[in-house]
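# Sequence first, predicted coordinates after that:
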Protein chains: 2
Amino acid sequence: MTFQVYDTTLRDGAQREGVSYSVVDKLAVARLLDEFGVGFIEGGWPGAVPKDTEFFRRARTDLDLNHAVLVAFGATRRAGLGVDNDPQVHGLLAAETPVVTLVAKADLRHVQRALRTTAEENLAMIHDTVTYLVAEGRRVFVDGEHFFDGYRDDPTYTSSVVEAALAAGAERFVLCDTNGGMLPSQVTAVIADLTARLGVAPEQLGIHGQDDTACAVANTIAAVEAGVRHVQGTANGYGERPGNADLFAVVANLQLKLGLPVLPAGCLERMVRVSRGIADIANIAPDDHQAYVGAAAFAHKAGLHASAIKVDPLFYNHVDPQAVGNHMRILVTEMAGRASIELKSRELGLALADHPEALNRVTKRVKDLEAAGWSFEAADASFELLVRSELPDGAPARPFTLESYRILVEHREDNAVVSEATVKIRIGGERMIATAEGNGPVNALDEALRVGLARHYPELRDFELADYKVRILEGSHGTGAVTRVLVETADGAGRDWTTVGVHPNVVEASWGALVDALTYGLDRART
Amino acid sequence: MTFQVYDTTLRDGAQREGVSYSVVDKLAVARLLDEFGVGFIEGGWPGAVPKDTEFFRRARTDLDLNHAVLVAFGATRRAGLGVDNDPQVHGLLAAETPVVTLVAKADLRHVQRALRTTAEENLAMIHDTVTYLVAEGRRVFVDGEHFFDGYRDDPTYTSSVVEAALAAGAERFVLCDTNGGMLPSQVTAVIADLTARLGVAPEQLGIHGQDDTACAVANTIAAVEAGVRHVQGTANGYGERPGNADLFAVVANLQLKLGLPVLPAGCLERMVRVSRGIADIANIAPDDHQAYVGAAAFAHKAGLHASAIKVDPLFYNHVDPQAVGNHMRILVTEMAGRASIELKSRELGLALADHPEALNRVTKRVKDLEAAGWSFEAADASFELLVRSELPDGAPARPFTLESYRILVEHREDNAVVSEATVKIRIGGERMIATAEGNGPVNALDEALRVGLARHYPELRDFELADYKVRILEGSHGTGAVTRVLVETADGAGRDWTTVGVHPNVVEASWGALVDALTYGLDRART
């Protein structure tokens, strides 16, 4: 049977704390998943959730999928109700998807105590709903909710649920670890026992893992090693509680470790882009430490490693980062010695190795700054300015010198909140005073500075603040709290760069990062 | 053999991007790990890293461990140098720890190309260093670096490394998945092959996993299932790249899933507190989605689940959250229906169920506010004020009414940066004007407000801002960027509470959260 990669980011993954997709968001996520090459995109529960109904409606005209088919998710018919009278089931048909996935209770205790019906009626609900949808021309998958807990408690009944679904015409029965309590060896044992008991092939089964034991990916791989050929997961592992199986790690392990080509050729290389695109839409900061796709997944920090990596990068990476669209990074940190800083500089095209004295000075300055709260790990542009300032050619001159700035934030008696900034700067011999408003103190300061610089630096018009991150560094290191600001600036031509500023005052920290950003960007625009 | 739980948070875990422990931090982390009941705490590399040398020196007087012993980490002697002439080896002895862990190269390619020595000399280095340290009265563990990659490439040589270490007197040989590329089934197979080849018992082996395939915890469990009785990991999985095996998930799985009592009785219940304590010291925001210990590890959001949870909480939790010191949470989110909000209110001691109209109004307001960027998931105090405002008794009155505030931030010509805030408020019939300075705009505002309130509310003196978090919510949902501020306030008597504010202007968002925090805290102090 064909291997099925089944994504449920838009349904089960949307249970993640803090996530809320608009219909437009859902369409955008579906496009990214299709680019990634998954076979099935579970879009939501039409009929039950109005936004999902609308998603399936708009998908018919607005979504042009190359690899994936859309799946409507729903439940078996209600207890005691004829399937053709069940509006929930009609909602599934109305979504007009080629595939429908039905959730069915696979644990008798949940049947009796949560669903409040009988063992027999639950089996009849599964049978009736599957046959009805199959007769309507749908491919049907059945998700066995609480399958593993049910199988532990009462394997006979839980097996009869699997049997009922497959006998009624379900294409796959998906073993769901709904509460996420399983370990890989247990998954292996249950699949062997179930298939022997029923005489079904493991290819007729699917696996849906949750990460409550931190084993969701491993449980999924174990099921595939046991013969299962349908894996469910979500982008970046988003989901309720610790989340679902991270589909990216699952797929990369299947392709790169087990040699199963589960995606169309050329798709795996898009993984990092798809992962970060979906994180952007979900409005969740990407996890730098995520396997395969994280910014730190192939980042090396220890001085020991960094010097050895020069010998052969693949000695220190478990796979070629480019296979998943990632790249190796050398981190500049206080633990890093001269070797890391030299390697990082070379990555940026700076010949620090030819200037040992400069390398010493840079190493010392990085060490001192990081002790004071700076971090250059994400701020390549600030790091480059620092390195260049120690090289013979020097760093680019600041485009201006600051005399002073002043920011006023008022909550007025009429309840209006206003922010206004004035900067006094010198450009060459000329003194400029500029004032601007903004939606907050830093935005006002940024605007005022741009007004002051506009006449001398018209290319600034194209720069925009792409991201702004604030981190309060607690005084747990005995130094008093400071604020670290990271600013990402884009030039409108597809290039962006990140700078850092640190100060006890968030405004001054932001100012430092803004000035670095403009200095770096103007230098790049003019060379 | 005794089961060994071996923590390397302070050595390998310190490779994590952004982590830098002071000596005081390291002592505090060691105390927490000891409370958690680990058997071994690897404290660092004495001699090679000055901070680590100092840590071991201070540990002798300042650290009183109940369960754990300290371990010094270092390398085998240098190639071509007598072990008693090697200053690095002397550094290990000088740390005066009962245990020394030596890293040895277990992959012949690394021996030849990174270490630049011969296969034979590497074995001699292992033999000489182990026997020397054992003769000096140390228990010795050997970490086989790149063991799994080496075993795949040249099992004969890698086996000879294991043999050399054990023959020389090493108590355990630790199989290190240094590049993190393994899957559980592969770990199982290699251990079976290695033990058969050498005729050693798996109890003489240890396991050290890295999370590059998202399988570090599962790989560790697989090794234990294969007979290994020494597991290495780090608190919260901190470590280079995607990190090390998360010792918390490993230990919880071993105790609660495999029934192995690897910690002293009563220790597992401390896990959440230890996890968050170490996160605080490392200055890393806790991962809400971490298995077992995350704030969301037992959090339920879906309306479906939340209503069913009333039937039996253990139907929806894979273990009892209290077993690891966690608790179940009901999340208040836009996906949540009335059932979740009612359940959450009950958790807070509010009888919303008795007032169906109030429940409707709260549900509607939560929905609207969350659509505008609010989040009550972490802000229980703001949520309680909201619920009470709809109940017959009402919310506590605001301690004051605001007329206006004004904040000035200046970077002056002398480069001093000053922040000053003035608030104009009314308390009862009295008008108060108060001005204060702060190290940033929000701090100045907080200080000015406290000055204004001090005479009427002396209990404010004990309140302190325990944490302040800023999140920029990007305008990806078409609403324009807003800033969400979470403020955690503590009352100095062990109680703390969190409030939320949202506004396009960070100052006004902070103001909202501060006012909620004072309102809630003063009400609690007076009832």
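Received the coordinates, thanks.

# Flag the helix or strand of chain A with the lowest per-element mean pLDDT.
Using mean pLDDT, DSSP states H and E, helix A:303-309 stands out as the lowest-scoring helix or strand of chain A, at a mean of 61.

# After it, which helix or strand is next?
Per DSSP states H and E, the first helix or strand lying C-terminal to helix A:303-309 is strand A:329-330.

# Quick check: the gap between the residue in the stretch 51-200 of chain A that chain B sits nearest to and residue B:323.
Per Cβ to the nearest Cβ, residue A:181 is where the stretch 51-200 of chain A lies closest to chain B, at 3.0 Å. Heads up, the C-betas are built off the backbone N, CA and C, glycines and all. According to Cβ to Cβ, to the nearest Å, residue A:181 stands 12 Å off from residue B:323.

# quick one, which of the two is more surrounded?
residue A:181 (20 against 15; other Cβ atoms under 10 Å in any protein chain shown).

# On the pLDDT front, check that one for me.
Listed pLDDT for residue A:181 reads 95.

# Could you do residue A:284 as well?
We have a pLDDT of 79 for residue A:284.

# And it, its phi and psi?
Taking degrees, to the nearest 10, you get phi -120, psi 130 for the backbone angles of residue A:284.

# for it, what are its contacts?
Residue A:284 makes contact with A:16, A:18-19, A:236, A:238, according to Cβ atoms under 8 Å, 6 or more residues apart in numbering or on different chains.

# which ones are touching the residue of the stretch 51-200 of chain A closest to chain B?
Neighbouring residues of residue A:181 by Cβ under 8 Å, 6+ apart: A:148-149, A:212-213, B:257, B:318-319.

# Output those in JSON lines, with secondary structure, neighbour count and pLDDT appended to each entry.
JSON lines is the format used below for the contacts of residue A:181 (DSSP: H, G, I helix; E, B strand; the rest coil; neighbours: other Cβ atoms under 10 Å in any protein chain shown; pLDDT from 0 to 100):
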{"residue": "A:148", "secondary structure": "helix", "neighbour count": "25", "pLDDT": "98"}
{"residue": "A:149", "secondary structure": "helix", "neighbour count": "23", "pLDDT": "97"}
{"residue": "A:212", "secondary structure": "coil", "neighbour count": "27", "pLDDT": "98"}
{"residue": "A:213", "secondary structure": "coil", "neighbour count": "30", "pLDDT": "98"}
{"residue": "B:257", "secondary structure": "helix", "neighbour count": "18", "pLDDT": "97"}
{"residue": "B:318", "secondary structure": "coil", "neighbour count": "24", "pLDDT": "93"}
{"residue": "B:319", "secondary structure": "coil", "neighbour count": "22", "pLDDT": "93"}
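
# Just give me the closest of those residues to residue A:507.
residue A:212 (42.7 Å; Cβ to Cβ).

# surely that closest one meets residue B:318?
Yes - contact criterion Cβ atoms under 8 Å: residue A:212 and residue B:318 qualify, at 4.9 Å.

# Overlap of the contact sets of those two?
Listed contacts common to residue A:212 and residue B:318 are A:179-181; contacts here mean Cβ under 8 Å, 6+ apart.

# Let's check: the centremost residue of chain A is which one?
When Cα atoms, centre = their mean is applied to chain A, the residue found nearest the centroid is residue A:279 (3.8 Å).

# In three-state terms, label that one for me.
Assigned with DSSP: H, G, I helix; E, B strand; the rest coil, residue A:279 falls in the helix class.

# From chain B, how far off is the residue nearest to it when sequence neighbours are not counted?
Sequence neighbours aside, residue A:286 is the residue nearest to residue A:279 in space, at 4.5 Å (criterion: Cβ to Cβ, 6 or more residues apart in numbering or on different chains). Distance of residue A:286 to chain B, given as Cβ to the nearest Cβ, to the nearest Å: 13 Å.

# Count the residues that sit near residue A:286.
Per other Cβ under 10 Å, the neighbour tally for residue A:286 reads 17.

# For it, give me its contacts.
Going by Cβ under 8 Å, 6+ apart, residue A:286 touches A:236, A:275-276, A:279, A:293-295.

# can you tell me which of those lies nearest to chain B?
For the contacts of residue A:286, the nearest to chain B is residue A:294 (6.1 Å; Cβ to the nearest Cβ).

# Now do the SS call for the closest one.
Secondary structure, three-state DSSP: residue A:294 is coil.

# pretty sure it is touching residue A:279, no?
No - contact status for residue A:294 versus residue A:279: not in contact, 10.6 Å apart, counting by Cβ under 8 Å.

# burial count for residue A:391?
18.

# ditto for residue A:443
Neighbours around residue A:443, by other Cβ under 10 Å: 21.

# ok, now residue A:384?
Taking other Cβ under 10 Å as the criterion, the count of residues near residue A:384 is 24.

# which stretch of helix or strand covers it?
Per DSSP H and E, residue A:384 falls inside helix A:380-390.

# tell me which residues of that helix are tucked away?
By neighbour count on 16 or more other Cβ atoms under 10 Å in any protein chain shown, the buried set for helix A:380-390 is A:380-388, A:390.

# show me where the stretch 51-200 of chain A has helices.
With DSSP state H, counting those that start in this stretch as the criterion, the stretch 51-200 of chain A has helices at A:87-94, A:108-113, A:119-135, A:147-153, A:155-167, A:184-198.

# Deepest-packed of these, please.
Comparing the helices of the stretch 51-200 of chain A by mean neighbour count (mean count of other Cβ atoms under 10 Å in any protein chain shown), helix A:147-153 ranks first with a mean of 22.

# before we move on, back to that, pLDDT score for the residue nearest to the centre of chain A?
For residue A:279, pLDDT reads 86.

# again with residue A:40
With respect to pLDDT, residue A:40 scores 98.

# close enough to count as contact, it and residue A:97?
No - in this structure residue A:40 lies outside contact range of residue A:97 using Cβ under 8 Å: 9.8 Å.

# so what sits against both of these two?
Common contact partners of residue A:40 and residue A:97 (Cβ under 8 Å, 6+ apart): A:69-71.

# Buried by neighbour count, from the residues you listed: which ones?
A:70-71.

# now the shared contacts of residue A:40 and residue A:97 as JSON lines including distance to residue B:110 and pLDDT?
Converted to JSON lines, the shared contacts of residue A:40 and residue A:97 look like this (distance: Cβ to Cβ, whole Å; pLDDT from 0 to 100):
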{"residue": "A:69", "distance to residue B:110": "47", "pLDDT": "98"}
{"residue": "A:70", "distance to residue B:110": "49", "pLDDT": "98"}
{"residue": "A:71", "distance to residue B:110": "47", "pLDDT": "98"}
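
# Give me the neighbour count for the residue nearest to residue A:320 when sequence neighbours are not counted.
Take residue A:320 and drop its neighbours on the chain: the residue closest to it by Cβ to Cβ, 6+ apart is residue A:314, 6.7 Å away. A count of neighbours around residue A:314, defined by other Cβ under 10 Å, yields 12.
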